[in-house]
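Asks: with the input below, show me the fold.
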Amino acid sequence: MDQRVSDGDMREDGMNACQPSLTDDTRHRLGTALRSIYEETCDTQPIPDSQIDLLLRLRHKERDRRRFD
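Replies: Presented below is the predicted three-dimensional model:
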């Protein structure tokens, strides 16, 4: 089944209107679970360049959103 998103399904902020929103409690629980699973792995290995690029793009996006709020 093809579930492509049309331009009409995008919100003003660029997010997909069909994406579920997560409560703060859910985000906290997911973050805690993910950290506990990957803590040892991430602490012992270097961060790949692709992940660094992703983190930098996310940080830039975060700064842009703060400027326009």
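Asks: just for the chain, where's the confidence low?
Replies: Low-confidence segments of the chain (pLDDT under 70): 1-19, 42-43, 69.
Asks: which secondary structure element is home to Arg65?
Replies: Assigned by DSSP states H and E, Arg65 belongs to helix 49-68.
Asks: now that helix - C-alpha only, CSV.
Replies: Taking C-alpha atoms only, helix 49-68 is exported to CSV below (Å, rounded to 0.1, in the frame of the first residue of the first chain):
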residue,chain,number,x,y,z
ASP,A,49,30.2,11.6,10.2
SER,A,50,26.6,11.0,8.9
GLN,A,51,25.3,11.2,12.5
ILE,A,52,27.2,14.4,13.2
ASP,A,53,25.8,15.9,10.0
LEU,A,54,22.3,15.0,11.1
LEU,A,55,22.8,16.4,14.6
LEU,A,56,24.1,19.7,13.1
ARG,A,57,21.1,19.9,10.7
LEU,A,58,18.7,19.3,13.7
ARG,A,59,20.5,22.0,15.7
HIS,A,60,20.2,24.5,12.9
LYS,A,61,16.6,23.7,12.5
GLU,A,62,16.0,24.2,16.2
ARG,A,63,17.8,27.6,16.1
ASP,A,64,15.7,28.7,13.1
ARG,A,65,12.5,27.8,14.9
ARG,A,66,13.5,29.8,18.0
ARG,A,67,14.1,32.8,15.9
PHE,A,68,10.7,32.7,14.3
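Asks: which parts of it are buried?
Replies: By 16 or more other Cβ atoms under 10 Å, helix 49-68 has no buried positions at all. All C-beta atoms are positioned from the backbone trio N, CA, C, and that covers glycine.
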